[in-house]
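A.B. asks: sequence? don't have it. structure:
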C-alpha cells in the first residue's frame, strides 16, 4: 500500500495560516488533498500542528492527524503521523506531498510511487527532478540543482549550479550541459523514514540548508525520477495572487 502524507503547518514567517488560504473557493490544503487523491495512493492523510487545519480538513471530507508543534522538519512530522496511524504493516511506501503545492500533478506522485512497486528493487528514498529550462532557474538559489550517477541516484544537491563549467562563460552553461533541478517531493520505505528522523544535522546540510544532504552524508542513496511537469509552491502573498490568476479567480 502507498500512503500519501501531507505536512501542513499553520505558522509561516511570510504567510501565516498558509494551508487555509483561499484559492478560487477552496483552501490551499483542500486543493493539495484533492490532487493527491487522483494519484495511485491507497490513503491520503494531512499531518498538521494546528486544530484549525485539522477541523478544516475533516470538514471537507479529508483525513488528518494532529502532531506536535515543535517538529524541526516536515520529515519528523510525517514520522509522528505514521505512528499515530498505527504504523500499518501493509504500507510499503510513504509519499511526502508538500502542503503548499496546490497544482501538484498526480503523475508526479505516481512517478515516485511506481519506483516502490517491486520490493526487490525499491529504493530506500526517492525524489523528483526536472530539466532546467532557463538561466533564471539555473542561477536561482531558491531552486536547488542536483547531479546524478549513471543509475539515477543523486550525487549531490546544491543551491549553486551543478556542475560548474570551468572553460565556458556562465551565459553558455545551459546550452552545453543538461542541468536538473530538484522538486520537493519525496517517497520512502517506512523503516527508512524512521531512521532519517534520528540523524543529526550534518555539515553539508547546515551549509546549503538542504535536509536531503543529511541523508546523503549518512550514506543513504536517493533515487531520482524525472518529470517534465513543473512545481508551483506558495510561500508569499505574491505567490497567492499568481495562483489565483492561474485559477482565473
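C.D. replies: Arrived safely, thanks for sending. Nothing here was measured: the structure is a model prediction, and the numbers come from that model.
A.B. asks: pLDDT below threshold where in this protein?
C.D. replies: Across the chain, the ranges flagged by pLDDT under 70 are 249.
A.B. asks: Give me the distance between the most far-flung residue of it relative to its centre and residue 135.
C.D. replies: In the chain, residue 167 marks the outermost C-alpha relative to the chain mean, sitting 34.3 Å out by Cα atoms, centre = their mean. The spacing between residue 167 and residue 135, counted by Cβ to Cβ, to the nearest Å, is 18 Å. Bear in mind the C-beta positions are built from the backbone N, C-alpha and C, glycine included.
A.B. asks: what's in contact with the longest strand seen in the chain?
C.D. replies: When the chain is parsed with DSSP state E, its longest strand is strand 180-188. Among residues not part of strand 180-188, those counted as contacts by Cβ atoms under 8 Å, 6 or more residues apart in numbering are 93-98, 101, 104, 108-109, 112-113, 115-116, 124-132, 137, 143-148, 157, 196, 212, 224, 226-227, 231, 233.
A.B. asks: now do stretch 132-142
C.D. replies: The contact list for stretch 132-142, computed with Cβ under 8 Å, 6+ apart, reads 143, 145, 159-161, 170-171, 173-174, 179-181.
A.B. asks: Filter the residues you listed down to the ones in helices?
C.D. replies: The helices, defined by DSSP state H, take in 173-174 from the contacts of stretch 132-142.
A.B. asks: Make CSV out of the contacts of stretch 132-142 and add neighbour count and distance to residue 240.
C.D. replies: Conversion of the contacts of stretch 132-142 to CSV gives the following (neighbours: other Cβ atoms under 10 Å; distance: Cβ to Cβ, whole Å):
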residue, neighbour count, distance to residue 240
143, 16, 19
145, 23, 26
159, 16, 24
160, 12, 29
161, 21, 29
170, 12, 33
171, 8, 33
173, 18, 33
174, 18, 30
179, 19, 29
180, 19, 28
181, 22, 23
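A.B. asks: Can you tell me which of the contacts of stretch 132-142 is nearest residue 241?
C.D. replies: Nearest to residue 241 among these, counting by Cβ to Cβ, is residue 143 at 20.2 Å.
A.B. asks: Mind checking what secondary structure residue 119 has?
C.D. replies: coil (DSSP: H, G, I helix; E, B strand; the rest coil).
A.B. asks: Unless I misread the structure, the residue farthest from the centre of the chain falls within a strand.
C.D. replies: No - secondary structure of residue 167 (three-state DSSP): coil, not part of a strand.
A.B. asks: Quick check: the gap between it and residue 177.
C.D. replies: 12 Å.
A.B. asks: One more: residue 155?
C.D. replies: Where residue 177 is concerned, residue 155 sits at a distance of 15 Å (Cβ to Cβ).
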